[in-house]
Structures are given as structure tokens and as C-alpha cells.
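**Q** got a structure for you, letters missing:
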């Protein structure tokens, strides 16, 4: 789905959902899994056929790392370039890892970053020792 397609259908809210999902590198199925709804239900949110509950909107805001007001304010849909300063192609595994990470609370995220940083240091040390 292109940005042009987003402009031609749905509400501002539904266009934003699609834009944020695309800029996050997630599939509709991954977002649906995160929300614990059927993919067809999530698709209805993106097409403007139905609207999610307040609780679901809160989950979406958390997933996309945006304020709830950013999702629900009636303004033009965000441009993908506003969300990302660079373009990257993520593998399915990388997208799954990001989606899983976003489900954690702040303390859990700090722990994951600490573990990841330690693993990265160990990896770099091993690489330097081989050279």
C-alpha cells in the first residue's frame, strides 16, 4: 500500500494506522497478534470500516511509540518520512523482535537493552581477538 492509497480511502485515523504500521515494518497480522484480534478486525480499523476501543487505541499508541492524541487527532496522515529519518528493510525475524520488544514495560526494556549491550560487547571482544 502506497502513501497515495492511504490518502484516497478511510478516515484520518485509519490512514494513520496504516502509515504507522508500514513505517514500523509490521504486517497487519503482526499488529493483530499484538492486539489479540483477528487480522480481519485490524484490517477494518485500517480501512475505516470499524473503530477500535479506547483500550485498543492505547495499545496501538504504545506499539507505534506515539501519543494517543497523535492517533486520534483529525489531521492529515503522517508522512512516512516524518517517522523515519532513514529507510531500512527489516527481515521478518527483525520485525517480530521489534514487535515483541514494544510489548514490554519500561523496566523490562531497560533490562533487555542491558543484556543486549553485554552480548554486543562480548561479540565485539571475540571479533577483536580473532583479528
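**A** The structure has been received and is ready for your questions. Because the structure is a prediction, the values reported are computed rather than measured.
**Q** Measure how buried residue 21 is and give me the count.
**A** Burial measure for residue 21: 21 neighbouring residues, criterion other Cβ atoms under 10 Å. (Glycine included, C-beta is placed from N, CA and C.)
**Q** Excluding covalently adjacent residues, which one is nearest to it?
**A** Nearest residue to residue 21 in three dimensions, chain neighbours excluded: residue 31, at 5.6 Å (Cβ to Cβ, 6 or more residues apart in numbering).
**Q** need the longest helix for the protein.
**A** Assignment by DSSP state H gives helix 106-130 as the longest helix of the chain.
**Q** I figured residue 72 was touching residue 56, is that so?
**A** No: assessed by Cβ atoms under 8 Å, residue 72 is found out of contact with residue 56, at 11.8 Å.
**Q** re the thing from before, could you give the mean pLDDT of the longest helix of the chain?
**A** Averaging pLDDT along helix 106-130 yields 86.
**Q** Show me the contact partners of it.
**A** 101, 104 (Cβ atoms under 8 Å, 6 or more residues apart in numbering).
**Q** How far off centre is that helix?
**A** 23 Å (Cα atoms, centre = their mean, to the nearest Å).
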